[in-house]
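>>> here you go, sequence then predicted model.
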Amino acid sequence: MSDDDLLPIRYLNDLLFCERRAALHLNEQIWKDNQYTTEGLLAHKRVDIPKNLRRDDRRNVTAMWLVSHRLGLIGKADLVEMRDNDAGQPIPYPVDFKRGKKRRWDNNEAQLCAQAICLEEMLGVAVPRGAIFHIRSQHREEIEFDQALREKTERAAVRLRELVESRETPLAKFKPKCKGCSLLEWCMPKSLRPRATAAKYLQSIIDDTIAEPAGGDSL
């Protein structure tokens with residue numbers, strides 16, 4: 001697979017959040033920032049500048065480019081800590097920065113796992129775990145890259161490729177998480193339910209007609 005065919009790692013999170021959102025971004029080139037995406041961009045500023053710093057017993061690399069030709073993915077790691085193992089060998093420990101606290105529909109773990117798979121392919125070493133750093137709370141959540149998470153990540157990479165190559169945009173399905181999506185006004189998930197809406201409207205007319213008293217007003 002050529003470098004021109006590689007897809008951004010960040011869209012795995014989009015895909016697992018909503019396939020339609022991923023397709024609107026990648027296939028239709030629709031992008032709109034909202035409060036959450038803007039706060040996320042601002043929060044990433046300090047790790048978007050490439051640096052290679054020594055901190056005590058580890059080396060910290062920010063804005064490191066990552067590639068996996070096997071998964072067909074490319075992207076930047078916010079932070080990769082190079083930690084020496086017991087044998088003195090440096091082992092990558094990816095850290096992904098996120099704006100706020102974890103929400104139940106986030107798929108940050110798969111995005112982080114994809115970074116680990118890239119590092120393994122690039123450096124030829126096992127990357128067993130990493131962390132998600134929640135900027136607001138200044139809390140690190142360590143993630144183990146077990147077999148289940150790796151399989152989920154690889155399936156997502158395959159599905160993302162299928163979505164792009166088919167050039168199809170899945171139909172909208174309204175869910176509570178849609179309310180926080182920056183593409184809500186373009187996606188219009190509620191308006192794309194005409195059958196359900198029309199059926200309810202017609203049923204309401206029928207119900208109102210049946211409920212009216214027979215005979216009406218006398219002349």
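Ah, there it is.
>>> next, the buried residues of the biggest helix by length in the chain.
Of all segments of type helix in the chain, defined using DSSP state H, the longest is helix 147-166. Neighbour-count burial for helix 147-166 flags 149, 152-154, 156-157, 160-161, 163-164 (criterion: 16 or more other C-beta atoms under 10 Å). Placement of C-beta: from N, CA and C, glycine included.
>>> and the helix or strand following that helix, what other elements does it pack with?
Reading on from helix 147-166 to the C-terminus, the next helix or strand found by DSSP states H and E is helix 184-187. If contacts are counted by 3 or more C-beta pairs under 8 Å, 6 or more residues apart in numbering; DSSP states H and E, helix 184-187 sits against helix 19-26.
>>> and the angle for the helix it packs on with helix 147-166?
50 degrees (axes from the mean of the first three to the mean of the last three C-alpha atoms, to 10 degrees).
>>> now tabulate the buried residues of helix 147-166 in a markdown table and tack on pLDDT and distance to Asp57.
What follows is the buried residues of helix 147-166, written out as a markdown table (pLDDT from 0 to 100; distance: C-beta to C-beta, whole Å):
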| residue | pLDDT | distance to Asp57 |
| --- | --- | --- |
| Leu149 | 97 | 27 |
| Lys152 | 96 | 32 |
| Thr153 | 97 | 29 |
| Glu154 | 97 | 33 |
| Ala156 | 97 | 34 |
| Ala157 | 97 | 33 |
| Leu160 | 97 | 37 |
| Arg161 | 97 | 39 |
| Leu163 | 95 | 43 |
| Val164 | 94 | 42 |
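>>> CSV please, covering the residues you listed and showing distance to Leu112.
Converted to CSV, the buried residues of helix 147-166 look like this (distance: C-beta to C-beta, whole Å):
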residue, distance to Leu112
Leu149, 9
Lys152, 12
Thr153, 9
Glu154, 14
Ala156, 12
Ala157, 14
Leu160, 16
Arg161, 20
Leu163, 21
Val164, 22
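>>> dump the longest helix of the chain to PDB, keeping only the CA atoms.
Output of helix 147-166 as PDB, limited to C-alpha atoms (Å, rounded to 0.1, in the frame of the first residue of the first chain):
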ATOM      1  CA  GLN A 147      -6.100  -9.300  22.200                       C
ATOM      2  CA  ALA A 148      -9.800  -8.100  22.300                       C
ATOM      3  CA  LEU A 149      -8.800  -4.400  21.900                       C
ATOM      4  CA  ARG A 150      -6.300  -5.300  19.100                       C
ATOM      5  CA  GLU A 151      -9.000  -7.200  17.200                       C
ATOM      6  CA  LYS A 152     -11.500  -4.400  17.600                       C
ATOM      7  CA  THR A 153      -8.900  -1.900  16.300                       C
ATOM      8  CA  GLU A 154      -8.000  -4.000  13.300                       C
ATOM      9  CA  ARG A 155     -11.700  -4.600  12.400                       C
ATOM     10  CA  ALA A 156     -12.200  -0.800  12.600                       C
ATOM     11  CA  ALA A 157      -9.300  -0.200  10.300                       C
ATOM     12  CA  VAL A 158     -10.700  -2.700   7.700                       C
ATOM     13  CA  ARG A 159     -14.200  -1.100   8.000                       C
ATOM     14  CA  LEU A 160     -12.800   2.400   7.600                       C
ATOM     15  CA  ARG A 161     -11.000   1.300   4.400                       C
ATOM     16  CA  GLU A 162     -14.300  -0.300   3.100                       C
ATOM     17  CA  LEU A 163     -16.200   2.900   3.800                       C
ATOM     18  CA  VAL A 164     -13.700   5.000   1.900                       C
ATOM     19  CA  GLU A 165     -13.400   2.700  -1.100                       C
ATOM     20  CA  SER A 166     -17.200   2.300  -1.500                       C
END
